[in-house]
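J.: How does the following fold in three dimensions:
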Amino acid sequence: MLEQPGIKAAPGVYDCIGAMAAERAGFDYIFSRGFGLAASLPWRPDFGYWTARAMIDAALRIAGNVPLPLVAASDTGPGAPPNRPV
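T.: Have a look, this model is predicted:
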């Protein structure tokens, strides 16, 4: 994937159903990011309650359900004030 020239397009997914839909649609890999994962949950996503462990668990669930490579960015939560050591 990385050795092929050109721009690559990947759908952003936040759960296993989205990952399976991307696989069925014929994408070569999938992408997830912190805000996308946090926004799919029933609390306010940018308040910093999303922890690094929760992001890792979500990425593992997604990656474990499809054979596609997953690019997982953890850009939300870890390091936000509620998650910083005092």
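
J.: what ranges do the strands span in this structure?
T.: 30-33, 70-73 (DSSP state E).

J.: among those, which is nearest Q4?
T.: If you check each of the strands of the chain against Q4 by Cβ to Cβ, strand 70-73 wins as the nearest, at 14.7 Å. All C-beta atoms are positioned from the backbone trio N, CA, C, and that covers glycine.

J.: chain center to the helix-or-strand element of the chain with minimal mean pLDDT, what's the gap?
T.: Lowest by mean pLDDT, DSSP states H and E among the helices and strands of the chain is helix 34-39, with a mean of 80. Relative to the chain's own centre, helix 34-39 is displaced by 7 Å; criterion: Cα atoms, centre = their mean, to the nearest Å.

J.: Send me it as CSV with only the CA atoms.
T.: Output of helix 34-39 as CSV, limited to C-alpha atoms (Å, rounded to 0.1, in the frame of the first residue of the first chain):
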residue,chain,number,x,y,z
GLY,A,34,-10.3,10.1,17.5
PHE,A,35,-13.0,12.6,16.9
GLY,A,36,-14.9,10.2,14.6
LEU,A,37,-14.8,7.5,17.3
ALA,A,38,-15.8,9.9,20.1
ALA,A,39,-18.5,11.5,18.1
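
J.: Brilliant, that's me finished.
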